[in-house]
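J.: predicted coordinates and the sequence they were generated for:
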2 protein chains.
Amino acid sequence: MGTKLEDGGRIDGVAKALAGERRRQILTLVREEEMSAGEIASRFDISRPAVSQHLGVLRAADLLDERREGASRLYRARPEGLAELRDFLDRFWTERLARLKLAAELEQQRRDKRGKRKNGNRGRGGDSRRGKP
Amino acid sequence: MGTKLEDGGRIDGVAKALAGERRRQILTLVREEEMSAGEIASRFDISRPAVSQHLGVLRAADLLDERREGASRLYRARPEGLAELRDFLDRFWTERLARLKLAAELEQQRRDKRGKRKNGNRGRGGDSRRGKP
DNA sequence: AAATATTGTAAGTTGAAACTTACGTAAGTT
DNA sequence: AACTTACGTAAGTTTCAACTTACAATATTT
């Protein structure tokens, strides 16, 4: 039941979209307010087509909302698109914690059994130093 | 004020490390159990040096723990390294929600003033599912 | 309909990333 | 010491991403 970080399909698109600094800048730029493609381009030192291509990548990764107004296209960040990657990192994180917790419990049981006849009861307070918290 | 997705320095390294599918595969592979570099390499169809380079990238992004045992080097995922990116996505997400909530409240006030006698309450759509462990 | 404004798409260049093979290094073995 | 094992690093090649300029498409204006 391992949650695999590599599959999920759309993870790859989001991760790659976020890997480019320009795209992170663009995304930040349109997080608060929607902005036209041209206006976005005017904020950077690269050509307008370059920005347009970045927008395409972000849109393909479901990280942008697009709205057409007249001849312009207005873009806005769609943080919901980030949720999938975020949740994935979350699972990677929490499953690791769960694994460590389980290992600690098993270790505890092992210790309890071994020391039973020697020591009626050692309680739970004793330090068991192994593994990392 | 604005949490910028582009800065943070280490975000870039982590995002780029995660952008490569091979590295995501490797990371998944050593999430549950620590594994030697050679054993990791044996699971893929690429050369061992290629894997070694990927390990270097992951390690530079603080996504791996390395332990030397004899001539071997044992690697293990370090999900704590993901936390920074995860938190960042979190902030990007929640700040957007906060912004929307604020806008909705202002709009609500505006409506209340104008249509005080007409209506008292209408549906609100708040469906956020967030919370940190 | 022609002209203008705003954008996306195509084609080519450049630089970085992902590989390869060859070599160097440190620890374990005989 | 010489030999083997398990790696990393260097150097070179190929593949891919980020840009460029040139062109096509769609909406608005005259």
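T.: Yep, that arrived. Numbering: from 1, shown residues only, chains lettered A, B, ... in the order given.

J.: show me where chain A has its strands.
T.: Under the criterion DSSP state E, chain A contains strands at A:35-36, A:64-69, A:72-77.

J.: okay, those strands in a markdown table with mean neighbour count next?
T.: For glycine as for every other residue, the C-beta is placed from the backbone atoms N, C-alpha and C. As requested, these are exported to a markdown table (neighbours: other C-beta atoms under 10 Å in any protein chain shown):
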| stretch | mean neighbour count |
| --- | --- |
| strand A:35-36 | 18 |
| strand A:64-69 | 13 |
| strand A:72-77 | 19 |
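
J.: how about the ones you listed in TSV, adding distance to B:Gln53 and mean pLDDT?
T.: Below are the strands of chain A laid out as TSV (distance: least, C-beta to C-beta, whole Å; pLDDT from 0 to 100):
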stretch	distance to B:Gln53	mean pLDDT
strand A:35-36	39	98
strand A:64-69	33	96
strand A:72-77	34	97
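
J.: correct me, but A:Ala61 touches A:Ile11?
T.: No. Between A:Ala61 and A:Ile11 there is no contact under C-beta atoms under 8 Å: 9.8 Å.

J.: the residue nearest in space to the middle of chain A and A:Arg22, how far apart?
T.: Among the residues of chain A, the one closest to the centroid is A:Arg86, at 3.0 Å (C-alpha atoms, centre = their mean). According to C-beta to C-beta, to the nearest Å, A:Arg86 stands 21 Å off from A:Arg22.

J.: try A:Gly13
T.: 16 Å.

J.: who has more neighbours out of these two?
T.: Taking other C-beta atoms under 10 Å in any protein chain shown, A:Gly13 and A:Arg22 do not tie; A:Gly13 has more neighbours (19 against 15).

J.: I'd like the average pLDDT over stretch A:104-114.
T.: Mean pLDDT, stretch A:104-114: 76.

J.: wait, does that stretch contact chain B?
T.: No. Applying C-beta under 8 Å from any C-beta of the partner chain, one finds stretch A:104-114 separated from chain B by no less than 14.6 Å.

J.: and the residue of chain A that's closest to DNA strand C?
T.: Nearest to DNA strand C in chain A, going by C-beta to the nearest atom of the strand, is A:Gly38, at a distance of 2.1 Å.

J.: how many other residues sit next to that residue?
T.: 13.

J.: name the nearest residue to it, ignoring sequence neighbours.
T.: A:Arg48 (6.7 Å; C-beta to C-beta, 6 or more residues apart in numbering or on different chains).

J.: ok, A:Ser42 to A:Arg68 distance?
T.: As for A:Ser42, its distance to A:Arg68 is 19 Å (criterion: C-beta to C-beta).

J.: how about the biggest helix by length in chain A: buried residues?
T.: Secondary structure of chain A read by DSSP state H shows that its longest helix is helix A:80-114. Within helix A:80-114, the residues scored as buried using 16 or more other C-beta atoms under 10 Å in any protein chain shown are A:81-90, A:92-93, A:95-96.

J.: how about those in CSV, adding distance to B:Gln109 and pLDDT?
T.: Output for those, formatted as CSV (distance: C-beta to C-beta, whole Å; pLDDT from 0 to 100):
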residue, distance to B:Gln109, pLDDT
A:Gly81, 30, 91
A:Leu82, 30, 91
A:Ala83, 29, 85
A:Glu84, 34, 83
A:Leu85, 35, 89
A:Arg86, 32, 88
A:Asp87, 34, 84
A:Phe88, 38, 83
A:Leu89, 37, 89
A:Asp90, 35, 85
A:Phe92, 42, 85
A:Trp93, 39, 80
A:Glu95, 44, 75
A:Arg96, 45, 71
